[in-house]
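# Return atomic coordinates for the entry below.
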Amino acid sequence: MAERVFGLSFAGWYAEGYWREKYIPYALTYGNDVVANASVNIIDMEWRHKPRRYIQIGTVMTAPEYRKRGFCRRLLETILKDWRKESDAIYLFANDGVLDFYPKFGFERAVQYQYTVELRHRRRIGETRKLDMSAAADVAILEEYYKKSNPYSAFTERDNFGLLMFYCSSFMKDCVYLSEDLGVVAVMGRESENLICYDIYGDGARPLLEALETFAGIEAKNVLLGFTPTDFISMEGVEVGGGDTLFMLKGKENLFCRNRISFPLLSHA
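Numbering: from 1, shown residues only. All right, here's what the predicted structure looks like:
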């Protein structure tokens with residue numbers, strides 16, 4: 001049904017073993033067919049080195065011929081009943097067509113901010129190598145560095161390699177780079193005309209600027225960050241516009257009320 005509604009397939013991700021216990025579909029079936037779905041994604045975050053258990057609701061959909069029967073309402077009510085007390089926050093991303101739907105369940109809009117780093121010297125430290133996401137040895141390298149987390153992020157996801165590989169085993173498989181000299185792996189790519197660092201993993205022994213300059217090469221002048229940098233208070237963030245809107249459940253933790261932050265792009269499920 002995800003292929004019908006969103007043009008999205010989980011088959012390859014599942015076949016490679018990356019569908020793990022943190023992705024939990026809630027589905028309604030009719031006979032042998034799934035007619036509606038809303039999935040729970042357990043997202044373990046760290047906010048300034050303090051752990052948080054968040055629940056992200058995603059893949060909310062109903063087969064076209066079964067719509068307007070309250071199926072998604074039933075699934076969302078069940079999810080909130082099951083997870084409200086088991087989480088620090090519950091959130092989701094909604095497209096423009098359903099912005100009036102989620103407030104009925106107690107969700108409110110939240111604003112996210114994105115940061116850009118200017119590459120002042122455009123220098124490179126050592127060499128970088130693109131990791132081959134079809135090679136088990138290179139996937140193991142990515143997982144090794146992922147376990148070290150993103151040392152440059154104030155708000156980072158932990159222990160969800162399966163979700164990372166949803167991206168890196170498919171449409172971002174050519175975006176993963178290793179710098180042994182810096183001791184980091186970066187997921188780098190482009191969005192329109194912008195160079196973007198989706199995430200970066202390692203020990204963080206060298207400054208973020210040096211890592212970005214190394215991966216970006218000598219031609220790039222700026223890099224958009226797909227995560228909130230540790231020193232974001234001293235930086236000027238831009239409100240995220242377009243795309244999906246973030247909704248946070250009222251009555252739970254909402255860090256976005258007082259902080260100009262964003263969820264890591266690679267934590268979107």
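# Tell me which residues of the helix or strand of the chain with the lowest mean pLDDT come out buried.
Least confident helix or strand of the chain, by mean pLDDT, DSSP states H and E, is helix 2-6 with a mean of 81. Under the neighbour-count criterion of 16 or more other CB atoms under 10 Å, helix 2-6 has Ala2 buried. The C-beta positions use only the backbone N, C-alpha and C, and glycine is treated the same way.
# same thing with stretch 173-182?
Buried-residue list, stretch 173-182, by 16+ other CB under 10 Å: Cys175, Val176, Tyr177, Leu178, Ser179, Leu182.
# next one: stretch 251-259
By 16+ other CB under 10 Å, the buried positions in stretch 251-259 come out as Glu253, Leu255, Phe256, Asn259.
# Give me the distance from that stretch to the chain's centre.
Centroid separation for stretch 251-259 versus its chain: 18 Å, with CA atoms, centre = their mean, to the nearest Å.
# do stretch 262-269 as well
With CA atoms, centre = their mean, you get 2 Å for stretch 262-269.
# Residues contacting it, please?
Outside stretch 262-269, the residues that touch it by CB atoms under 8 Å, 6 or more residues apart in numbering are 23, 39, 41, 43, 45, 56, 58-59, 91, 93, 112-114, 150, 153, 155-157, 160, 163-164, 166-167, 187, 198-199, 226-228, 240, 246.
# So which of those belong to strands?
Of the positions in those, 23, 39, 41, 43, 45, 56, 58-59, 91, 93, 113-114, 155-157, 187, 198-199, 246 sit in strands, assigned by DSSP state E.
# are any of the contacts of stretch 262-269 buried, and which?
Taking 16+ other CB under 10 Å as the criterion, what is buried in these is 23, 39, 41, 43, 45, 56, 58-59, 91, 93, 112-114, 150, 153, 155-157, 160, 163-164, 166-167, 187, 198-199, 226-228, 246.
# Can you give me the distance of the residue located most distally from the centre of the chain to Cys168?
Going by CA atoms, centre = their mean, the residue of the chain most distant from its centre is Gly31, 33.7 Å out. Distance of Gly31 to Cys168, given as CB to CB, to the nearest Å: 36 Å.
# ditto for Gly251
Look at Gly251 and Cys168: by CB to CB, they are 35 Å apart.
# which residues make contact with the top helix by length along the chain from outside it?
For the chain, the helix with the greatest residue count under DSSP state H is helix 71-83. Outside helix 71-83, the residues that touch it by CB under 8 Å, 6+ apart are 26-28, 35-38, 40, 55, 57, 60-62, 90, 104-106, 249.
# who touches stretch 13-20?
Phe10, Phe161, Gly162, Met165, Phe166, Ser169, Ser170.
# ok, which pair from these is furthest apart?
Phe10 and Phe161 (16.1 Å; CB to CB).
# so where is the stretch 101-250 of the chain shaky, pLDDT-wise?
Along the stretch 101-250 of the chain, segments meeting pLDDT under 70 span 218.
# List the beta-bridge partners for Ile200.
Under DSSP bridges, the beta-bridge partners of Ile200 are Ala186.
# Look up phi and psi at the closest residue to Val184 other than its chain neighbours.
Closest residue in space to Val184, ignoring its immediate chain neighbours: Gly202 at 3.3 Å, by CB to CB, 6 or more residues apart in numbering. Dihedral pair for Gly202: phi 160, psi -160, per degrees, to the nearest 10.
# Output the contacting helices and strands for the least confident helix or strand of the chain.
Helix 2-6 is packed against strand 50-62, with contacts defined by 3 or more CB pairs under 8 Å, 6 or more residues apart in numbering; DSSP states H and E.
# Leu208 touches Tyr152, doesn't it?
Yes: the criterion here is CB atoms under 8 Å, and Leu208 meets it with Tyr152 at 4.4 Å.
# Many thanks, have a good one.
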